[in-house]
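1. sequence and predicted structure below; questions after.
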Amino acid sequence: MSENETIRVQVNGKEREIDRGHTVRSLLESLDVHPGMVVVELNRDILERDRYAAVAVSEGDALELVHFVGGG
C-alpha cells in the first residue's frame, strides 16, 4: 500500500494510520465500535450521531471516542 492510500489521524490520543476515504461511521465500524454506543468528538467538536456517515475523516484529524458504560 502506498503512502497516498493512507492518512494519519489520532484516535483517543494515539496516532493511527488508516485507509484514506473513511467516514466517521466507516472508521468506527473498522474499529469494531458500534456507532450507537459512543459519542464522537472530531477536532474538539461533538458530532451528532446522524452525521457520522456523512463526515469524512481527513489527514491530521483528532477523534475522541467516548463509550457509554452502564452499571448500578
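-> It's in. Numbers count the residues shown, from 1 in each chain.

2. CA atoms for contacts and neighbours, from now on please.
-> OK.

3. low-confidence stretches in this structure?
-> In the predicted model of the chain, residues 1-4, 72 satisfy pLDDT under 70.

4. give me the residue at the spatial middle of it.
-> When C-alpha atoms, centre = their mean is applied to the chain, the residue found nearest the centroid is Val24 (4.6 Å).

5. please report phi then psi for it.
-> The phi/psi pair for Val24 (degrees, to the nearest 10) reads phi -60, psi -40.

6. now the strands for the chain?
-> Assignment of strands within the chain using DSSP state E yields the ranges 6-11, 14-19, 38-42, 45-46, 62-67.

7. what's the fourth one in contact with?
-> Strand 45-46 is contacted by residues 39-40 when judged by C-alpha atoms under 8 Å, 6 or more residues apart in numbering.

8. same thing but 10 Å
-> For strand 45-46, contacts defined as C-alpha atoms under 10 Å, 6 or more residues apart in numbering pick out 39-40, 62-65.

9. tell me which two of those sit farthest apart.
-> Of all pairs drawn from the contacts of strand 45-46, the greatest distance, 13.7 Å, lies between Val39 and Ala62 (C-alpha to C-alpha).

10. between these two, which is the more surrounded one?
-> The residue with more neighbours, out of Val39 and Ala62 and counting by other C-alpha atoms under 10 Å, is Ala62; that gives 20 against 16.

11. beta partners for the more buried one?
-> Ala62 has the following beta-bridge partners by DSSP bridges: Gln10.

12. what sits against it?
-> Contacts of Ala62 (C-alpha under 10 Å, 6+ apart): 8-15, 41-45.

13. among these, which ones are buried?
-> Using 16 or more other C-alpha atoms under 10 Å as the burial test, these include 8-10, 41-42 as buried.

14. I'd like these as TSV, with distance to Val57 appended.
-> Compiled in TSV, the buried ones among the contacts of Ala62 are given as follows (distance: C-alpha to C-alpha, whole Å):
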residue	distance to Val57
Arg8	10
Val9	8
Gln10	11
Glu41	12
Leu42	9
